[in-house]
Every structure is written in structure tokens, then in C-alpha cells.
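K.L.:
Sequence below, structure please.
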Amino acid sequence: MLLSVETNCYFPFQIALDEKDFILSSFPPESREKGSVLYASLTDGKDGLKNLLQYIKDKDPDKVSVGLTSTLDTLALFELLQVMVAFIIEISSYFKLYG
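P.N.:
Numbering: from 1, shown residues only. Modelled structure (predicted):
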């Protein structure tokens with residue numbers, strides 16, 4: 001099956017839209033607000049998948065390049081937010097005060 005760039009971007013976009021609650025629940029409660037902002041940016045923002053798909057349809061390689069970079073930056077921030085909170089929780093379990 002030959003997939004196009006548009007198809008490769010459409011499937012993650014559709015998953016992100018369909019699984020919004022699951023994606024947002026993956027954030028710890030204290031970072032859900034930031035996660036929600038990043039999710040909105042990823043799906044509807046100017047640096048999101050929706051605009052990237054439009055740039056691909058327009059066949060504008062410069063905009064596709066910039067859009068892809070922006071989308072990947074947003075995804076990296078998304079992952080960092082999830083990982084950093086989990087890392088802090090894990091590290092804090094090693095430092096308990098006994099006395």
C-alpha cells in the first residue's frame with residue numbers, strides 16, 4: 001500500500017481528534033491545563049496538523065517544511081510535559097525524609 005504525505009499526516013490528526021480525552025488524561029492533574037493548551041495548538045493552532053494538511057494539499061514545499069517543523073516542535077513539548085512530570089514524581093520517590 002502506497003501512502004502519501006497527506007495520508008501520513010491525516011491519520012495522526014484523526015487519531016488526535018478521536019482520542020482527545022485519552023490524550024489529555026495521560027497528563028497528571030497538575031499539568032492538564034498546559035497539556036490542553038498544547039493539544040489545542042496541535043489540532044487547531046497555526047502550528048498544528050490541520051494547517052500542515054492544508055499546506056500539503058496546496059503543494060507548497062516551503063510551508064510544508066515550516067509546518068512540519070512547527071508540528072514536531074509542538075509534539076516534542078507535549079512529550080516533554082508528560083515525561084518531566086513523570087520523571088519528577090519518580091525522582092521524588094527516592095528522596096524521602098526519615099526522622
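
K.L.:
Contact partners for the spatially most central residue of the chain?
P.N.:
Closest to where the C-alpha atoms of the chain average out (C-alpha atoms, centre = their mean) is residue 75, at 3.4 Å. Going by C-beta atoms under 8 Å, 6 or more residues apart in numbering, residue 75 touches residue 42. C-betas here are computed from N, CA, C, even on glycine.

K.L.:
in what helix or strand does it lie?
P.N.:
helix 61-92 (DSSP states H and E).

K.L.:
what's in contact with stretch 52-64?
P.N.:
5-6, 9-10, 13, 67-68, 70-71.

K.L.:
List only buried entries from those residues.
P.N.:
9-10, 13, 67-68, 70-71 (16 or more other C-beta atoms under 10 Å).

K.L.:
Tell me which two of the residues you listed sit farthest apart.
P.N.:
Across these, the longest distance by C-beta to C-beta is 17.3 Å; it joins 10 and 70.

K.L.:
still on that earlier bit, dump the contacts of stretch 52-64 into JSON lines; add pLDDT and distance to residue 56 as well.
P.N.:
Output for those, formatted as JSON lines (pLDDT from 0 to 100; distance: C-beta to C-beta, whole Å):
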{"residue": "5", "pLDDT": "83", "distance to residue 56": "6"}
{"residue": "6", "pLDDT": "86", "distance to residue 56": "5"}
{"residue": "9", "pLDDT": "84", "distance to residue 56": "6"}
{"residue": "10", "pLDDT": "88", "distance to residue 56": "9"}
{"residue": "13", "pLDDT": "87", "distance to residue 56": "11"}
{"residue": "67", "pLDDT": "90", "distance to residue 56": "8"}
{"residue": "68", "pLDDT": "89", "distance to residue 56": "9"}
{"residue": "70", "pLDDT": "89", "distance to residue 56": "14"}
{"residue": "71", "pLDDT": "88", "distance to residue 56": "11"}
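
K.L.:
Once you drop chain neighbours, what's closest to residue 44?
P.N.:
Nearest residue to residue 44, sequence neighbours excluded (C-beta to C-beta, 6 or more residues apart in numbering): residue 50, at 6.2 Å.

K.L.:
So the one you found, which state does it fall into?
P.N.:
helix (DSSP: H, G, I helix; E, B strand; the rest coil).
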